[in-house]
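>>> I'll drop the sequence and a predicted model, then ask my questions.
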Amino acid sequence: MNLWLPILIVGVIGLIAGLGLSIASVLMQVPVDETEQKVRAALPGANCGACGFSGCDGYAAAIAKGEAPPDRCAPGGADTAAALSELLGVTVTLEPKRACVACGGNCDAVGQKLEYRGIPTCAAAAQLYGGPSACAFGCIGLGDCAQACPYGAISVQNGVASVDPALCTGCGACVKACPKGVLSLRPAEPARPLVRCHNTQKGAVARKICKASCIGCMKCAKVCPVGAASVSQNLASIDPALCTGCGACVEACPQHCIEG
Amino acid sequence: MTTRLVTILLAGILTNNMVLSKFLGICPFLGVSKKLNTALSMSVAVIFVMLIATAVTWPVYALLLVPAGLEYLQTIVFILIIAALVQLVEIVLKRFLPPVYRALGIYLPLITTNCAVLGITILNFTDSLTFVESLCNALGAGLGFMLAMVLFAGVRSRLETSDVPAALQGLPITLISASLVALSFLGFAGVVG
């Protein structure tokens, strides 16, 4: 008989707790928006912030309420765009983008103007005379972008950030993290040549600092058949909208700072 | 009476610190102490749950289990009650205080399995405290947990920017510094209680 009392007590306590919880969950049910849940399920869940909201939950809530356009999820790419189109009954088009590093100043090409021993982040290093690199414009190489990347697509190789295009989703987290503005988003397809330099100093000065710098010699602008390459402030740039990908500028560049 | 309550409170915070002297609740102590904000949220949730868990388990033990001679059921009954309470608190928070619910996030369900909460409810009886003293003890233990969390969050934020040898990076250096903080709390032994 002594066995039944403990079983009864534990059973009754469990029953009271279970009933109480069931009643509470019915009484205090929070109405949920079904569209919001479906939209949230369609989003990739990376919480990268590319859409401008604090995370996928916030963006899903905004889409469901009609406060935000559904075409801001860069990491989701075509799959998410298709899922959202079906869900919301509107056509969502999304141009996939990739992060690009506009600096080729690796450890072989550019020297150091100081030996930095502080907090090992680019943001901290950039506060001190613009960073340890001799070039005030280029990649610092302490990897704030690699830290910021939710997909592990960025690594620092020989002192310069390098993006793995297969892993990059174009969320832009690295662009925000870079204190030097070296990273930018460019259309993923078709691949176009990129000027791997960010230095706007005059050619002679830039060349003295870094072997891989753009010197603003205008050769790319002259050989480009469609006028996509241009030079402003001693720095070449290639407009991906005009570029046909012929590769003439890559051949012509004497500094080899245009990457095909 | 008041002196005794103050003594219990101070003992809970300093000499018998849940984390650093009794080594209960180490999991959240290491897991949630990376940032000061989350450490504080977790501590507030723990204080809250400790108080209501004590308020419910004390009468159940003293008025139900002791008269029936079933003291050995203590652990299982307490776990049952604490788990149900945490669930209830979660439901109530979700309904009435969504910002708090979101801020606490995963930490609230985690408290269900926090041995510090179970520990304090059981220790109340091994020290044979009255109901009011038990509540005071729970509050002290909760505040002590908060003190440990906040102190350690500070230590860890300094660790993040310091030059740690490669072999010790991450959890090893965290455990070593945790032991040093615990060692420093040894200095409070015998002050009160």
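Nice, I can see it.

>>> Now for the closest residue to A:Ala204 other than its chain neighbours: which residues touch it?
Counting by Cβ to Cβ, 6 or more residues apart in numbering or on different chains, A:Ala204 lies nearest to A:Ile215, which is 7.5 Å off, once chain neighbours are set aside. All C-beta atoms are positioned from the backbone trio N, CA, C, and that covers glycine. Neighbouring residues of A:Ile215 by Cβ atoms under 8 Å, 6 or more residues apart in numbering or on different chains: A:203-204, A:206-207, A:234, A:254-255.

>>> Which pair in the residues you listed has the greatest spatial separation?
Distances among those were taken as Cβ to Cβ; the most separated pair is A:Asn234 and A:Pro254, at 14.4 Å.

>>> so where do the helices sit in chain A?
Here chain A has its helices, by DSSP state H, at A:4-27, A:34-42, A:56-64, A:77-88, A:122-126, A:144-148, A:173-177, A:203-209, A:219-223, A:248-252.

>>> likewise chain B?
Ranges of helices in chain B, per DSSP H, are B:2-10, B:26-31, B:36-59, B:66-68, B:74-96, B:98-104, B:107-112, B:115-126, B:131-160, B:171-185.

>>> So if I had to pick from A:Asn234 and A:Pro254, which one is more boxed in?
Regarding A:Asn234 and A:Pro254, a neighbour count based on other Cβ atoms under 10 Å in any protein chain shown identifies A:Asn234 as having more, with 19 against 10.

>>> picking up where we left off before, now for the helices of chain B, which one comes closest to chain A?
Counting by Cβ to the nearest Cβ, chain A lies closest to helix B:74-96 out of the helices of chain B; the figure is 3.4 Å.

>>> Close to chain A: what parts of chain B are there?
Residues of chain B lying near chain A by Cβ under 8 Å from any Cβ of the partner chain: B:60, B:64-65, B:68, B:70, B:73, B:76-77, B:80-81, B:83-84, B:87-88, B:91-92, B:94-96, B:98, B:161.

>>> Kindly tell me how buried A:Pro70 is, as a neighbour count.
The burial count for A:Pro70: 27, using other Cβ under 10 Å.

>>> same question but for B:Thr7, I mixed them up
Neighbours of B:Thr7 under the rule other Cβ under 10 Å: 16.

>>> How about the one 5 residues further on?
For B:Gly12, the tally of surrounding residues (other Cβ under 10 Å) stands at 26.

>>> I'd assumed B:Gly144 was in contact with it.
Yes - with contact defined as Cβ atoms under 8 Å, B:Gly12 and B:Gly144 form a contacting pair (5.3 Å).

>>> who touches both of the two?
Overlap between the neighbourhoods of B:Gly12 and B:Gly144 consists of B:Met18, taking contacts as Cβ under 8 Å, 6+ apart.

>>> hang on, the earlier thing: could you save the helices of chain B as JSON lines and add columns showing mean pLDDT?
Shown next, in JSON lines, are these (pLDDT from 0 to 100):
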{"stretch": "helix B:2-10", "mean pLDDT": "88"}
{"stretch": "helix B:26-31", "mean pLDDT": "82"}
{"stretch": "helix B:36-59", "mean pLDDT": "87"}
{"stretch": "helix B:66-68", "mean pLDDT": "84"}
{"stretch": "helix B:74-96", "mean pLDDT": "86"}
{"stretch": "helix B:98-104", "mean pLDDT": "73"}
{"stretch": "helix B:107-112", "mean pLDDT": "75"}
{"stretch": "helix B:115-126", "mean pLDDT": "87"}
{"stretch": "helix B:131-160", "mean pLDDT": "91"}
{"stretch": "helix B:171-185", "mean pLDDT": "90"}
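
>>> Alright, calling it a day.
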